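only the shape, not the letters, is given here:
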């Protein structure tokens, strides 16, 4: 029996992308968003080849690539002296077709709020409905349907029904809280705090790459170009327990301490400033006719982009599952339970441990020398760099573990 409606809560990138994919497959969707407009806070901006596969399926990859740019790679560096590269990974200039005819994707960079605008426009053009200013205040389900009770901006209340409800409403997900309670989100919160900023500053005199991580016990941070016009994301670690005002007051001295040239505020333009706590958490992703995806279901720190990539991979797997149900090629209960099993397994076995390593290697050692000696990844990469400079032929690095999972393999035909 074809699906008649899927409700999606949350108009972030995951909710918008799922709405776009499902509407493109002929599945009616309704998207509910508590805010009155899209979020513009500084957040993720780098989309891996796996994410670009999903954008391509949704029909928006060409627009994303035209508005974004292809970063040249990433390096790990010292902070002292000349900010020497310890090691680096260059992004291949991929694209086009492989020998087997499949399309080859490459990483593209575009700030998340601009991606949201692209997805929003495409969703509306496909005739899907987005309800801004609708706050979920209750959830429920029975054998044939699921629903959310909403409160609108004008105070009016309404019940909205569908065959399934997907919570894509972020780290503070109302859907997750209504399903499992306010305090149920297994995992831990880092003692470290992070501040994400967007800023303009001239890095050209300093031989910076498009992305780099700095290994330092106090001033560990990341600098990444996120727009072709020279907008940079600078994310850095901070002391825990400080208020927003205290963190904002510390920002100029933090920049002066770790940015090249030791700039004062009159030498750069600060566009966004957003402190946040960092979590490593994951919850059950299916409860009857309710599904969870992306940050509503799992969280990790931002180093390496595994949270964003994992969330987009969730959407791809959920899209496959709903298409299988819609076309009668799979049992609904079986495929949605498999979705929960697969996606939580990927978070547990890949996303969580990798992201913990990515973040902790930047600050847990006394300095770069100890990091190179004790961190397996940095040790391997530095040894490769030495061998490359000596003219030795190196084997290609293995690719990262896949976060995408093709759910169509479980279809009947």
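Cool, the structure landed. Every value quoted in this text rests on a predicted model; they were computed, and no experiment measured them. Residues are numbered from 1 along each chain as shown.

so residue 140, which state does it fall into?
Under DSSP: H, G, I helix; E, B strand; the rest coil, residue 140 falls in the strand class.

pretty sure it is in contact with residue 161, am I right?
No. In this structure, residue 140 is not within contact of residue 161 by Cβ atoms under 8 Å, at 9.5 Å. No exception for glycine: its C-beta is placed from N, CA and C like everyone else's.

I figured residue 219 was touching residue 257, is that so?
Yes. In this structure, residue 219 is within contact of residue 257 by Cβ under 8 Å, at 5.7 Å.

overlap in contacts, residue 140 and residue 161.
Listed as contacting both residue 140 and residue 161 by Cβ atoms under 8 Å, 6 or more residues apart in numbering are 146, 147.

gap between residue 287 and residue 187?
Per Cβ to Cβ, to the nearest Å, residue 287 is found 18 Å from residue 187.

could you do residue 388 as well?
38 Å.

show me what the helix ranked longest in the chain is packed up against.
Determined from DSSP state H, the single longest helix within the chain is helix 306-326. For helix 306-326, the elements it packs on are helix 13-24, strand 46-47, helix 49-58, strand 298-299, helix 332-346, helix 352-360, judged by 3 or more Cβ pairs under 8 Å, 6 or more residues apart in numbering; DSSP states H and E.

at 6 Å instead, please
Applying 3 or more Cβ pairs under 6 Å, 6 or more residues apart in numbering; DSSP states H and E, we find helix 306-326 packed against helix 13-24, helix 49-58, helix 332-346.

give me whichever of those is most buried.
Stretch with highest mean neighbour count among those: helix 13-24 (a mean of 28; mean count of other Cβ atoms under 10 Å).

which regions of the chain sit below the pLDDT cut-off?
Along the chain, the model assigns pLDDT under 70 to residues 40-44, 93-102, 413.

okay, which residue is most central for this protein?
residue 308 (1.2 Å; Cα atoms, centre = their mean).

show me where this protein has helices.
Under DSSP H, the chain gives helices at 13-24, 49-58, 61-67, 112-125, 174-180, 244-258, 306-326, 332-346, 352-360, 368-374, 376-389.

so which of the ones you listed is nearest residue 292?
Closest of those to residue 292 is helix 174-180, at 5.9 Å (criterion: Cβ to Cβ).

and the contacts of that closest one?
9, 136, 139, 167, 169, 287, 290, 292, 296 (Cβ atoms under 6 Å, 6 or more residues apart in numbering).

go with 10 Å
For helix 174-180, contacts defined as Cβ atoms under 10 Å, 6 or more residues apart in numbering pick out 7-10, 32, 34, 135-141, 148-149, 165-170, 173, 182-186, 283-288, 290-292, 295-297.

tally of neighbours for residue 111?
21 (other Cβ atoms under 10 Å).

thought it was touching residue 38?
No. Residue 111 lies out of contact with residue 38 (Cβ atoms under 10 Å); the separation is 11.6 Å.

what sits in contact with each of those two?
Common neighbours of residue 111 and residue 38 (Cβ under 10 Å, 6+ apart) are residue 117.

hang on, the earlier thing: export the helices of the chain to a markdown table and tack on distance to residue 398?
Listed next are those as a markdown table, based on distance: least, Cβ to Cβ, whole Å:
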| stretch | distance to residue 398 |
| --- | --- |
| helix 13-24 | 28 |
| helix 49-58 | 15 |
| helix 61-67 | 25 |
| helix 112-125 | 29 |
| helix 174-180 | 34 |
| helix 244-258 | 32 |
| helix 306-326 | 17 |
| helix 332-346 | 17 |
| helix 352-360 | 13 |
| helix 368-374 | 20 |
| helix 376-389 | 11 |
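
quick one: residue 52 and residue 65, what's the gap?
8 Å.

overlap in contacts of those two?
Shared contacts of residue 52 and residue 65, defined by Cβ under 10 Å, 6+ apart, comprise 105, 106, 108.

leaving out the residues flanking it, which one is nearest to the last one?
Of all residues beyond its chain neighbours, the one nearest residue 108 is residue 68 (4.7 Å), with distances taken as Cβ to Cβ, 6 or more residues apart in numbering.
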